[in-house]
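Chemist: Requesting a structural model of the entry that follows:
(chains A and B)
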Amino acid sequence: SQTIHQWPATLVQPVGSPLSLECTVEGTSNPNLYWYRQAAGRGLQLLFYSVGIGQISSEVPQNLSASRPQDRQFILSSKKLLLSDSGFYLCAWSSGAYEQYFGPGTRLTVT
Amino acid sequence: KQEVTQIPAALSVPEGENLVLNCSFTDSAIYNLQWFRQDPGKGLTSLLLIQSSQREQTSGRLNASLDKSSGRSTLYIAASQPGDSATYLCAVRQDQGGKLIFGQGTELSVKP
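Modeler: Below is the predicted model:
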């Protein structure tokens, strides 16, 4: 069966510090991968998605970036965090356009 | 631009009641629609996926319907239980790329 992992589960970082969140999927190959952010009172917003290694599409201009160094690994990064980057970050995968499955999330607080 | 709306934003019902959650979308050209459940501080759990060619899907006490032409979907929960308390989100996919556009969710509370 397929599983999706995210780490860390929680993170508290000062403004201006770098960020690296990791997501890995097991039990499937060549998945579509997605990063979403859920900010308080603002719903779920798609940040990046990837249909293959090295193929990243950005949905929202911001100081975040994403990379996919391996087939089942998706990384969300920032060089300098802003207060507005606080939120709940969710990684998801799907096999093509079928059902999308979400990871447990990372709670990021920027202080 | 596709917009997804869920009404009501919050709902409180006594245990055992049947209930309906509503989801509407502005562009009927969707690929499929997915319903999720989210417990506080947790990720999303997929409940049901309805393809654009389907009218409904059922899983246990849950039944989701889709009316593409009117831009509406409903999630019916039969015989609600306190364990059903959570936020329910609907999301539409408009192309094979798989990007989901979410509604703001309905926060459900089932009182024992």
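Chemist: tell me the contacts of the residue of chain B most remote from its centre?
Modeler: Centroid-distance maximum for chain B: residue B:112 at 22.8 Å, with C-alpha atoms, centre = their mean. Neighbour list for residue B:112: B:15, B:82 [criterion: C-beta atoms under 8 Å, 6 or more residues apart in numbering or on different chains]. C-beta: built from backbone N, CA, C; applies to glycine.
Chemist: before we move on, what about residue B:99?
Modeler: Counting by C-beta under 8 Å, 6+ apart, residue B:99 makes contact with A:34, A:46, A:49, A:59, B:93.
Chemist: Select only the buried ones of the residues you listed in ChimeraX?
Modeler: Only the buried members of the contacts of residue B:99 end up in this ChimeraX selection, burial being decided by 16 or more other C-beta atoms under 10 Å in any protein chain shown:
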select /A:34,46,49 /B:93
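Chemist: So which of the contacts of residue B:99 is the closest to residue A:66?
Modeler: Nearest to residue A:66, judged by C-beta to C-beta, of the contacts of residue B:99 is residue A:49 at 8.6 Å.
Chemist: give the contact list for that closest one.
Modeler: Applying C-beta under 8 Å, 6+ apart to residue A:49 gives the contacts A:32, A:33, A:34, A:35, A:56, A:57, A:59, B:97, B:98, B:99.
Chemist: And the pLDDT at it?
Modeler: Here, the pLDDT recorded for residue A:49 equals 92.
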